[in-house]
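Engineer: Generate coordinates for the sequence data below:
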Amino acid sequence: MRDQQRRFDRREYLTLAGGAGVATTIGLAGCLEDAEDGNGDDENGADGNGDDEDVADDGENGTDDGEGETIVPGTAPGFEPFEMNVDGELVGFDIDLLEAVVAETEYELGDWEELEFDSLIPALENENIDVIAAAMTITEEREESIAFTEPYYSADQSVLVQSGGDVEPDELEDLEGLEVGAQSGTTGEGVVEDELGDDVDYTSYDNYVLAVEELERGTLDAIVIDEPVAESFAGDRDVEIAFTFETGEEYGFGVRQDDEDLQEALSEGIAAVEESSEYDEITQEWFDE
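Structural biologist: As a prediction, the model looks like this:
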C-alpha cells in the first residue's frame, strides 16, 4: 500500500500525460468482446513488450505452488485512477491492489511492463508478462484466449461531453450523427460498435487522456468511458458526465489459461485483501470514498 506521498494532483497528471502520446484515428474498431480485441501489432505485442529473462520459469524460479516464483505484471497507463504515470512513477488503484494481492501469495512481483491496452493480451500469450492488471473487463470472448481471476471491481459506462457545450445527450441514440471517441480495445469502444455502429463518426485513441483533450477543444462531441474514470476526468477537466448506463461489467486480473496455480493464488489473494481493511484503504486513497 502506498503511503500518503503517493497522492497527487490529478490535473497535473492529466497535463503531463496528455502530451505523451499520439491519437490514432481508425474506422469503427472491433468490439472488445471479440477474441482478438486485445491484439496489437507485432511491434507492440509479439516482439517487444518484455525481456525473456523477466518471464516466470516454473522449472527454475520456483515450485509448482508458486513459492518464490517471480511474476511479471503488465498494465496500460492513462486510465485514471486505475493506472497512470506521474513524474515517471507508475501509480494507481490496480498497481496498489495487485501488489497487495501478490503479497498474500507465495509469488513475488517483478518489474512492471507498461504497454498499450490492446497489446496486453498478446504480451501475456507470448509470455512477455504473466499477469494483466489494467481494469480489464471479464468477457466470454476474452476468456477464449486468456483466463481471469475472481472479479475485484464492478463498473458501468458513462458518456462524457464538453462542459457547457451544445451536446447534451440523455441516451445512446442521441449520439447518432456525432463525433464519438473511445480508447482502443475497451468496453467503451465495444459499446460504440454494438449500440451505434455506422450511425456515428467514431475515432479510436491510444488512451483516454488524448480523447478528453479533443473533447475539451470541441473537435469531439462525446466519449464513451468507464464510469469511475469518467468521474475522475469530470473532476479535473472541462468535461462532464451526460449520463451513465448500466453494463454490469466486472474487472479481473488476466493470466494465461494454463496458469491455473497463479489464477487460484491471485483469486485467494483478492479475497484476503477484501476481507481485511486493506482493500477499503486502497479504494479510499484512489476514489476518495
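Engineer: Tell me where the longest strand sits in this protein.
Structural biologist: Determined from DSSP state E, the single longest strand within the chain is strand 239-251.
Engineer: Now do that one, average pLDDT.
Structural biologist: Averaged over strand 239-251, pLDDT sits at 94.
Engineer: Low-confidence ranges, the chain, go.
Structural biologist: 1-67, 289 (pLDDT under 70).
Engineer: again, only this time at 90
Structural biologist: For the chain, the stretches with pLDDT under 90 are 1-68, 78, 141, 185, 187, 206-207, 209, 235-236, 247-248, 287-289.
Engineer: So which bits of the lengthiest helix in it are buried?
Structural biologist: Assignment by DSSP state H gives helix 260-275 as the longest helix of the chain. Neighbour-count burial for helix 260-275 flags D261, L262, Q263, E264, A265, L266, S267, G269, I270, A271, A272, V273 (criterion: 16 or more other Cβ atoms under 10 Å). Any C-beta I mention is one placed from the backbone N, CA and C, and that applies to glycine too.
Engineer: same deal with stretch 137-145?
Structural biologist: For stretch 137-145, by 16+ other Cβ under 10 Å, it's T137, I138, T139, R142, S145.
Engineer: Out of the residues you listed, which is nearest to E240?
Structural biologist: T137 (23.9 Å; Cβ to Cβ).
Engineer: how close does that closest one get to R217?
Structural biologist: 29 Å (Cβ to Cβ, to the nearest Å).
Engineer: swap in L98?
Structural biologist: L98 is 35 Å from R217, by Cβ to Cβ.
Engineer: Between the two, which has more neighbouring residues?
Structural biologist: With neighbours defined as other Cβ atoms under 10 Å, L98 and R217 compare such that L98 has more, 28 against 10.
Engineer: I'd say the more buried one and V72 touch.
Structural biologist: No - the criterion here is Cβ atoms under 8 Å, and L98 misses it with V72 at 11.5 Å.
Engineer: shared neighbours of the two, anything?
Structural biologist: V131 (Cβ atoms under 8 Å, 6 or more residues apart in numbering).
Engineer: hang on, the earlier thing: return the list of helices and strands in contact with the longest strand of the chain.
Structural biologist: strand 153-162, helix 187-191, helix 208-217, helix 227-236 (3 or more Cβ pairs under 8 Å, 6 or more residues apart in numbering; DSSP states H and E).
Engineer: any idea which of these is most buried?
Structural biologist: Comparing these on average neighbours per residue, with mean count of other Cβ atoms under 10 Å, the densest one is helix 187-191 at a mean of 25.
Engineer: export the helix or strand following that helix as CSV, just CAs?
Structural biologist: Of the helices and strands lying after helix 187-191 in sequence (DSSP states H and E), the nearest is strand 201-205. What follows is strand 201-205 as a C-alpha-only set of coordinates in CSV (Å, rounded to 0.1, in the frame of the first residue of the first chain):
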residue,chain,number,x,y,z
ASP,A,201,-18.3,9.1,-36.7
TYR,A,202,-16.0,7.1,-34.5
THR,A,203,-12.4,7.9,-33.5
SER,A,204,-10.2,5.4,-31.6
TYR,A,205,-7.5,6.7,-29.2
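Engineer: Quick check: buried residues in strand 201-205?
Structural biologist: Applying 16+ other Cβ under 10 Å to strand 201-205 flags Y202, T203, S204, Y205 as buried.
Engineer: what packs against it?
Structural biologist: strand 179-183, helix 208-217.
Engineer: now these as TSV including distance to Q284?
Structural biologist: Formatted as TSV, the helices and strands packed on strand 201-205 follow (distance: least, Cβ to Cβ, whole Å):
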stretch	distance to Q284
strand 179-183	26
helix 208-217	23
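Engineer: Figure out which of those is closest to Y107.
Structural biologist: strand 179-183 (29.4 Å).
Engineer: other SSEs contacting the closest one?
Structural biologist: In terms of contacts (3+ Cβ pairs under 8 Å, 6+ apart), strand 179-183 is packed against helix 187-191, strand 201-205, helix 208-217, strand 222-226.
Engineer: Now do the longest one: distance to the chain's middle.
Structural biologist: I take that to be helix 208-217. Distance of helix 208-217 from the chain centroid (Cα atoms, centre = their mean, to the nearest Å) equals 17 Å.
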